[in-house]
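**Student:** Below: sequence and its predicted model.
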Amino acid sequence: MYVAVKGGERAIENAHAWIAEERRGDTDIAELSIAQIREQLSLAVNRVMAEGSLYDPDLAALAIKQARGDLIEAIFLIRAYRTTLPRFGASEPVDTGAMACDRRISATFKDLPGGQVLGPTFDYTHRLLDFKLAADGEALEAPSREAAPGDVPHVTDFLNREGLIEEAPHDDTPPPDLTREPLEIPAERALRLQALTRADEGFTLGLAYSTQRGYGRNHAFVGELRIGSVPVEMDIPELGFSVEIGEVTLTECETVNQFKGSKIEPPQFTRGYGLVFGQTERKAISMALVDRALRWEELGEDNVGAPAQDAEFVLYHADNIQATGFLEHIKLPHYVDFQSELELVRKLRRKAGAQQVQEAAE
Amino acid sequence: MTEYNFAYLDEQTKRMIRRAILKGLAIPGYQVPFASREMPMPYGWGTGGVQVSAAVLTPEDTFKVIDQGADDTTNAVSIRSFFQRTAGVATTTSTSDATVIQTRHRIPEEPLHEGQILVYQVPIPEPLRFLEPRESETRKMHSLEEYGLMHVKLYEDISRHGHIATSYAYPVKVEGRYVMDPSPIPKFDNPKLGDMAAIQLFGAGREQRIYALPPYTKVVSLDFEDHPFEASKADHPCGMCGATDSYLDEVIIDDAGGRMFVCSDTDYCEARQAAGHMGKDNGGKDAA
Amino acid sequence: MQANTLSGGFVDPAIGSAHAFRSVMEAMARPGTIQNIEGAAPPAPLSPAMGAVLLTLCDTETPVYLAGDLDCKAVREWLSFHTGAPFVGPAHCMFAVGAWDALAPLTVYPIGTSEYPDRSATLIVKCSELAASGATLTGPGIKDKATLSLPDVDAFQANRSLFPLGLDFILTSGDRIAALPRSTDVSGSSSEAAAHKGAS
């Protein structure tokens, strides 16, 4: 006989116990420490910080451990924690020109002040599995030298001096914050950039790739890609000046895009911009391409109907926490709606059946 | 539980939600944008309803949560225990004892009374969304009261199928002004939306919208003179309590495809059984 | 800064504002009903009800306009300390606070836009009395009809005609509140309204 389902509470408790056991895995194997994850899975940590919008490598490492390596789940843990944090104020804008660069490359100039610094990149590794790592091989120590003194100027500044690239005037307007205000369309560039920097890496990559294949192509050159640490300063009203409160590692990508001019702009190079927490260069380059594609309107370009040009489409679907929540909610019970659909389909079939019988009779 | 504020959300977030609720009540059926927060449960699982509940609950409230009409579905259990822990509120499964009821996809069978608040979890608050995916467009349509597209869609159903092929999340018009999505309740529940004694609040977390129906608001399901709205349900009595007036779930009971029909509102069904009403699958006669 | 600037807030802000909000919400959801609202002890000329409403709804994100004699040092300091709300003129406020006459004319407040009618001001009105008699109210939130003492009738009718745009009102007296959202139809008269008109 039918008995109404009971015991949801116990089922949930048991599921939680089971997932904890699964997370730990075989207890004969040493448990991962937060420090191990932070130090040895740092690119995963960086992605969680970037898309979680919270710069804290230890918390990101904890989230990765708790999420069993599911990075979107880890990002979700960080986001949910982040919302509960009190806000004491906003920092001064960081100066990426004063970045202590670990990596700095330009695809547009063979050499330039500050030099090309390859840095710790996978770029020219041969993707061969390194079985030494499987045998706990100790890492080699990389050679080092003193950092060259002085700032590393932006490539776009050189182009700007010649008037070859669009102006990017200094602007002190406080940017909107989509974590505190509902998203509204049309969205200005500052808001779009905020959305993109925390957007899902895969989604952003796919969109950027689509522009390269012709869906809103914008001929991007990587004018410059730089990764390094910058000091974060905050103005303390009680002191009357700003003090350094810490340091963050950032990846910045500035693209230089060919532009033949439009009704409102002369022929010149235009800019796409990506700035992301941590060493996250795939994301930063993708972001710059999508940013540039979304700027079609302000540059007077044609909207060719490409997905990457559609700000509403991009911004409403780029957040993986929103997306995964709504996607996965369809596994929740829908008995009630399904029942109403069942009744409807039965009714429609009865009607269609009756009609066929009648037509056959005629 | 002391690590988090009362009812989890910080006070500034609650104030922002409370302001949105008041504007929602002042403009019935209009979707007020609000800066929805990331909650410790996924978007799509009731974060809008949870934020609204967190903003209205007081420690003296008695809280009930239903999903698909049932108190014991896992997500209802999860949300109920969240507020038990973070707000210390009393909980109940009894519709009449509850002061705040959070629901997904149903309106309780028992009429609600004054002093009660019904909080709906809403996945897609925009009734025009499936006709026009762009928020910028649908916002314009609401502002101009341009609802022709919706009528065309419903009428196309009629010309193709003989009647309107929308069975849940059936759109309504509020006080002759805004077309509103009542959340994915079956259209059987639509007539309960209007003239209700309780306050109805709708929260869509991912979509960042709150809207409301004050008590005794005029709510009309969209229809046509020659095809009036019809609230429908499975044409059976409840197998357990014999009720003929309640919305039913269909349950498959054996490998041969045998089916029975049971009240989706578990509190309603249990109360009837406790009062001696038995359906045909529960040792009773056919109907009450 | 005076001693009472620091006092007079909710003893337990989370619980105090939860209770106060329920009073405000019931009032807004059921126009014409009169609710008690407790927990605030603001400096004069703010009433306890006005204080509680402000503590419940205002913070750094809500520009407030103080009208007439409410725009004084004691009120400004108290409100700044407890809410951090910025003070602005009537045209840019989210909340306006004052006696009915001091709040006039109503045409200067934001009434929202056709796409965002919620972006409108809420006026927190200090009334000499609050009673279930006077003007007749009908509309959403009201079963058949309600009666409420109103400081004016024409102004509320004019506001109603703007729907879905318009202002929303929280009427206060001592430690009691009632509300009049833009959706409410107002008819009949009230003693205060008659006196007001006679004077002008």
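**Tutor:** Now that the structure is in, tell me what you want to look at.
**Student:** any idea of the mean pLDDT in stretch B:9-24?
**Tutor:** Over the span of stretch B:9-24, the pLDDT mean works out to 96.
**Student:** near chain A at all, that stretch?
**Tutor:** Yes. Stretch B:9-24 is in contact with chain A by C-beta under 8 Å from any C-beta of the partner chain, via B:10, B:13. Where you see a C-beta, it was placed from the backbone N, CA and C, and this is true even at glycine.
**Student:** tell me the centre residue of chain C?
**Tutor:** Central residue check for chain C by C-alpha atoms, centre = their mean: the C-alpha nearest the mean position is that of residue C:124, 1.8 Å away.
**Student:** Report pLDDT for that one.
**Tutor:** What the model reports for residue C:124 is a pLDDT of 98.
**Student:** Sketch out the low-pLDDT regions of chain B for me.
**Tutor:** B:1-3, B:285-288 (pLDDT under 70).
**Student:** Could you rerun that using 50?
**Tutor:** B:1-2, B:287-288 (pLDDT under 50).
**Student:** Next, residue A:233: phi, psi?
**Tutor:** The phi and psi values for residue A:233, taken as degrees, to the nearest 10, are phi -110, psi 150.
**Student:** before we move on, back to that, doesn't residue C:95 make contact with the residue nearest to the centre of chain C?
**Tutor:** Yes. Residue C:124 lies in contact with residue C:95 (C-beta atoms under 8 Å); the separation is 6.2 Å.
**Student:** Please enumerate the shared neighbours of those two.
**Tutor:** Residues touching both residue C:124 and residue C:95 (C-beta atoms under 8 Å, 6 or more residues apart in numbering or on different chains): residue C:54.
**Student:** one step back: who's in contact with the strand or helix carrying the residue nearest to the centre of chain C?
**Tutor:** Using DSSP states H and E, residue C:124 falls within strand C:122-126. When contacts are defined by C-beta under 8 Å, 6+ apart, strand C:122-126 is touched by residues B:22, C:45, C:47, C:50, C:53-54, C:57, C:70, C:94-100, C:103, C:106, C:109, C:151, C:167-173.
**Student:** the helices in the chain, which residues?
**Tutor:** You didn't pick a chain, so chain A it is. A:8-24, A:34-40, A:42-52, A:57-66, A:71-83, A:131-134, A:155-161, A:189-197, A:201-212, A:281-294, A:311-317, A:320-328, A:335-361 (DSSP state H).
**Student:** oops, chain C please
**Tutor:** Going by DSSP H, chain C shows helices at C:3-6, C:13-29, C:48-57, C:73-83, C:100-103, C:154-160, C:191-199.
**Student:** measure stretch C:53-67 end to end?
**Tutor:** 16 Å (C-alpha to C-alpha, to the nearest Å).
**Student:** That one near chain B anywhere?
**Tutor:** Yes. Judged by C-beta under 8 Å from any C-beta, stretch C:53-67 and chain B are in contact via C:56, C:57, C:58, C:59, C:61, C:62.
**Student:** Please indicate which of the contacts of strand C:122-126 are buried?
**Tutor:** With burial judged by 16 or more other C-beta atoms under 10 Å in any protein chain shown, the buried subset of the contacts of strand C:122-126 is B:22, C:47, C:50, C:53-54, C:57, C:70, C:94-100, C:103, C:106, C:109, C:151, C:167-173.
**Student:** Just those residues: which are in strands?
**Tutor:** C:95, C:96, C:97, C:98, C:99, C:168, C:169, C:170, C:171, C:172, C:173 (DSSP state E).
**Student:** which residue sits closest to the fourth one in space, ignoring its chain neighbours?
**Tutor:** Computed as C-beta to C-beta, 6 or more residues apart in numbering or on different chains, the closest residue to residue C:98 that is not its neighbour in sequence is residue C:67, at 2.9 Å.
**Student:** ok, now the first one?
**Tutor:** In this structure, residue C:95 finds its nearest non-sequential neighbour in residue C:64, 5.0 Å apart by C-beta to C-beta, 6+ apart.
**Student:** okay, now the one you found: neighbour count?
**Tutor:** By the other C-beta atoms under 10 Å in any protein chain shown criterion, the neighbourhood of residue C:64 contains 24 residues.
**Student:** Check residue A:111 too.
**Tutor:** Count around residue A:111 with other C-beta under 10 Å applied: 8.
**Student:** From residue A:246, how far off is it?
**Tutor:** In this structure, residue A:111 and residue A:246 are 33 Å apart, going by C-beta to C-beta, to the nearest Å.
**Student:** and the closest residue to chain C within chain A, what pLDDT?
**Tutor:** Residue of chain A nearest chain C, by C-beta to the nearest C-beta: residue A:180 (8.3 Å). Note on residue A:180: pLDDT of 88.
**Student:** same deal with residue A:5?
**Tutor:** Value for residue A:5, per-residue pLDDT: 51.
**Student:** residue ranges with poor pLDDT in chain A?
**Tutor:** Scanning chain A for pLDDT under 50 picks out the ranges A:1, A:4.
**Student:** let's see 80
**Tutor:** A:1-8, A:136-140, A:145-151, A:237, A:260-265, A:355-357, A:359-362 (pLDDT under 80).
**Student:** tell me the domain boundaries of chain B?
**Tutor:** According to automatic domain parsing, chain B comprises the domains B:11-125+B:173-219, B:233-283.
**Student:** What is the burial count for the spatially closest residue to residue B:171 that is not a sequence neighbour?
**Tutor:** Closest residue to residue B:171 apart from its sequence neighbours, by C-beta to C-beta, 6+ apart: residue B:127 at 4.3 Å. Neighbours of residue B:127 under the rule other C-beta under 10 Å: 24.
**Student:** What values do phi and psi take at residue B:127?
**Tutor:** phi -70, psi -20.
**Student:** what sits against it?
**Tutor:** Contacts of residue B:127 (C-beta under 8 Å, 6+ apart): B:150, B:169, B:171, B:179, B:180, B:181.
**Student:** and if we set it to 7 Å?
**Tutor:** By C-beta atoms under 7 Å, 6 or more residues apart in numbering or on different chains, the residues touching residue B:127 are B:150, B:171, B:179, B:180, B:181.
**Student:** Noted, bye for now.
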